[in-house]
Every structure is written in structure tokens, then in C-alpha cells.
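# Sharing a model prediction with you, sequence too.
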Amino acid sequence: MLELVLFVLIIVVGTWGELCLGRAMKETGELKRFRPGAAASLIWRALRVKWIWIGVAMMALAFFSLLFLLSFEDVSFVVPVTALSYLVGALGGIFFLGERVDPQRWIGIGLVCVGVVLVLAGK
Amino acid sequence: MHSRLHLKTYILIAIMVVAGPVGNLLVAKGMRQAGEVKLWPPSELLAVFVRVFGSLTIWMGIAFLIMFIVAYMLALSMADYSYVQPAAALGYGVVALLGYFVLHESISPLRWVGIAVICGGVAFIRNTHPRTTENPN
């Protein structure tokens, strides 16, 4: 039960935090020149977008849950199971960021989900 | 233009594939060294907090994970989330190998198969176009 709660926090809350980051970065604009200075200035500008702070808070919660889970579970078990975030991520990409997910990508995501089920079954 | 977009995205994904798993490995190692985590009573939680965040291994792990996040954010600024996230998942295979060889975790055959299927799914996703929405700028 504790593991289930921690996995939900890591996968669902963590993925939504990442989606918030994605939204913040899309509002900030694209990295035009591939240089450290340009990258730093882009991240500095991103810090003024509210979504980034919502995202960071959610990802922090997910990170503490991950630390807790890793204190008593294998990293080779925990990390592959968190791959379920692909499903959450694709759904969020569609409904939250307005992205399109093509059929090939859905098949890939489907395979990832099958892999996660096997990892869970192999415990 | 598209090939440059692909190249920049690939470089950032390469950084993510290395930094993410190494960060996870160090954090797992640090948590194992920190001993059992108790959330109650609060004094016990505080003691755990001090033990965990007094660990050099944990901070090294956090440094790698920050490197991962920065590469991730930069990748997200130029490619779709649903493209970047699965591509970065190659790191899930790397983390299993590190868990096996460095932390000596016992991994059942079914778990290996599952991880391989995850990487297969990733490889399948890899060749789709990185961006489907218009850039606002």
C-alpha cells in the first residue's frame, strides 16, 4: 500500500510537474543558439513563468517520494516502473500542452507499458 | 532546419541518458547508506532528513539529476514533451545495468525482459518528428 502511494506520487505528480515545466518552457521560447550563456539566460527567463514554480513543487514532492521508496526497494525495480509516466505524459501532452501523439508513438508507449507490467510481474 | 533541431535534441538527450541514471544510482546508494526511513514521530523524520541530506553521495546524485533536468528543460524548449520523454527513457535500461553491476541487485529474468521491452518501445518512438506544435516566437 505504501509502495502504491509512493509510485502514484512519483509517476502522476512527477509527470504533471514535468508537464508544467514543458508549458513554462514553451511560454519562454526556444533555445536559438546552442551556447551556455544563451541556455542560462533562457532558464533565467523561464524562472519568471508561474508554471515553472508549480512544476518544481510537484517534482520536489515526487523526488522525496522517490528517495523514500529507494530506501527499501531496488533501483532496478523502482526506476523501470516509473516508466508508466509515458502514458501519463502522452495524455498530459495531448490535453495540457495541445500536442499531437501519432500512432507510431502510441505503439511505442504501449510497448513501454507492457514492459512495465513484465517488470512488476517479475518481482 | 529540421536536421539541426534533431541534432540539438539528440545532444541534450545523450546528456539526459547518462546524467539521469548516474544520479538515480547515487541517490539509491545514498539512501541505502542512510538506513531505515521512519516518517513518525517527527523527531525521527528530522533525524532521517539530517542523515540523508548530510550525505555526500546524495548530493552528488542530486547534482547529476540537476544536470539531467537542465538538459531536459532545454530539450523541452525545442521539442515536444511527448517526444523528449520517451526518447530519454533509454536511461531506464542504463539504470538497470548500473543497479546490477554497481549495487549488485538481483534482477529476475522477467524483470530483464520487461526492461528490454521498455527500451524496444523507446526505439520505436525515436524516429517520430520532435515537434508538432507551432513555436509562439
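Thanks, I have it. Numbering: from 1, shown residues only, chains lettered A, B, ... in the order given.
# And stretch A:93-101, what's buried?
The neighbour-count check on stretch A:93-101 (16 or more other C-beta atoms under 10 Å in any protein chain shown) flags A:93, A:97, A:99, A:101 as buried. From N, CA and C alone the C-beta is placed, and that goes for glycine too.
# you'd agree the third one is up against residue B:84?
Right, the one you point to is residue A:99. No: in this structure, residue A:99 is not within contact of residue B:84 by C-beta atoms under 8 Å, at 10.8 Å.
# Below-threshold pLDDT in the chain: ranges please.
In the absence of a named chain, this looks at chain A. Applying pLDDT under 70 to chain A flags no residue at all.
# wait, chain B
Where chain B drops to pLDDT under 70, the residues are B:1-2, B:81-82, B:85-89, B:123, B:125-130, B:134-137.
# quick check: longest helix of it.
With secondary structure taken from DSSP state H, chain B has its longest helix at helix B:2-34.
# re earlier: closest one to chain B out of the buried residues of stretch A:93-101, please.
residue A:93 (3.7 Å; C-beta to the nearest C-beta).
# Where do the strands of chain A begin and end?
Counting by DSSP state E, one finds no strands in chain A.
# which ones are touching the residue most central in space within chain A?
Residue closest to the average C-alpha location in chain A (C-alpha atoms, centre = their mean): residue A:15, at 3.4 Å. Going by C-beta atoms under 8 Å, 6 or more residues apart in numbering or on different chains, residue A:15 touches A:85, A:88, A:89, A:92.
# Can you report how many residues lie near residue A:123?
12 (other C-beta atoms under 10 Å in any protein chain shown).
# From what I see, it and residue B:108 are in contact.
Yes: at 7.4 Å, residue A:123 and residue B:108 qualify as touching, with contact defined as C-beta under 8 Å.
# Could you report the neighbour count for the nearest residue to residue B:65 once chain neighbours are set aside?
Using C-beta to C-beta, 6 or more residues apart in numbering or on different chains and skipping the chain neighbours, the partner closest in space to residue B:65 is residue B:23 (3.7 Å). As a burial measure, residue B:23 scores 22 neighbours (other C-beta under 10 Å).
# mind listing what residue B:23 touches?
Residue B:23 makes contact with B:61, B:62, B:63, B:64, B:65, B:67, B:68, according to C-beta under 8 Å, 6+ apart.
# hang on, the earlier thing: sort out for me which of the buried residues of stretch A:93-101 are in helices.
residue A:93.
# Export the buried residues of stretch A:93-101 to JSON lines and append columns for distance to residue B:57.
What follows is those, written out as JSON lines (distance: C-beta to C-beta, whole Å):
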{"residue": "A:93", "distance to residue B:57": "34"}
{"residue": "A:97", "distance to residue B:57": "35"}
{"residue": "A:99", "distance to residue B:57": "37"}
{"residue": "A:101", "distance to residue B:57": "38"}
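# Thanks again, I'm all set now.
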